[in-house]
Every structure is written in structure tokens, then in C-alpha cells.
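In: here is the input, now give the coordinates:
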Amino acid sequence: MTEIQKILAEFTNIEGVHTACLVGRDGFLLDSLARAGIDSEMIGAIASSGFGSAESMGNQLGQGDLRMTMFEFANGPVMFAPVGEEAFLVIVADQETNLGWIRISIKKNSKKIQQVAAL
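Out: A predicted model of the protein is given here:
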């Protein structure tokens, strides 16, 4: 297990979180932990578009830098959070997951990931 995967495991250890990915802003997957059947490479490619759109919307509306965004789907949320200038986290969870724990973990671990990945 890589150092980044050890940090990503702090997310997947939250009940209901089944996927944690570190994605470059270009859409390439840098590292991930995901349950069987999840295509992390695909998540990275698709998520970069959603992340970029959310960032652009915030800039156009004068809301400042993106801190975190969440899409709510019938089966659960997908959360994005920037990690430095070059990457972002993607967290995929089930519907009943405690979103507060995810938010706390993002705040706690973003700097660690940035340092370990040299972003």
C-alpha cells in the first residue's frame, strides 16, 4: 500500500465510503482505493470535467476558490475537494454515509496528501 493509499484508507474506513481517488486536474488517476467493480480510471476522467465546471462556476459568480463540492445521486453522494494546485480528491459514498465525517477527513488529510504526493 502506497503512502497516499494509506491516507485514502482514512476515507474508505468511514462507514459507507467505498471509493477514494486522487485525480490530477488533467483527469489522470494518481492513486485510489475502490471496492471491486469500480473503474477508478473512469472516475478520474469524468470527475475532472465536473470539478473544472464547479471551479469555473465559482469563479464566474465571484465566490472565490473552490473548497469542496458535492453531487447528490439516488445511491449516494460524490464529493470533490482540491488538493493543492494540481489535483483533487473524489470521494464516492453510499446514501446513508455521514457527510460530516467525510468533510472533516478532507480538511484533515488534504495537506498530508499534498505533502506526500509533492503536489
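In: poorly predicted segments of this structure, please.
Out: 119 (pLDDT under 70).
In: hmm, who's touching the longest helix along it?
Out: Counting residues, the longest helix found in the chain (DSSP state H) is helix 40-60. Outside helix 40-60, the residues within contact range by Cβ atoms under 8 Å, 6 or more residues apart in numbering are 19, 21, 23-29, 32, 34, 63-66, 69, 71, 78, 80, 82, 88, 90, 92. Where you see a C-beta, it was placed from the backbone N, CA and C, and this is true even at glycine.
In: mind giving me the ChimeraX command for buried ones among these?
Out: Restricted to buried positions by 16 or more other Cβ atoms under 10 Å, the ChimeraX selection for the contacts of helix 40-60 reads:
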select :19,21,23,24,25,27,29,32,34,66,69,78,80,82,88,90,92
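In: picking that back up, for the next helix or strand after the longest helix of the chain, packing partners?
Out: Following helix 40-60 in sequence order, the next helix or strand is strand 69-73 (DSSP states H and E). Contact here means 3 or more Cβ pairs under 8 Å, 6 or more residues apart in numbering; DSSP states H and E; on that basis strand 69-73 packs against helix 40-60, strand 76-83.
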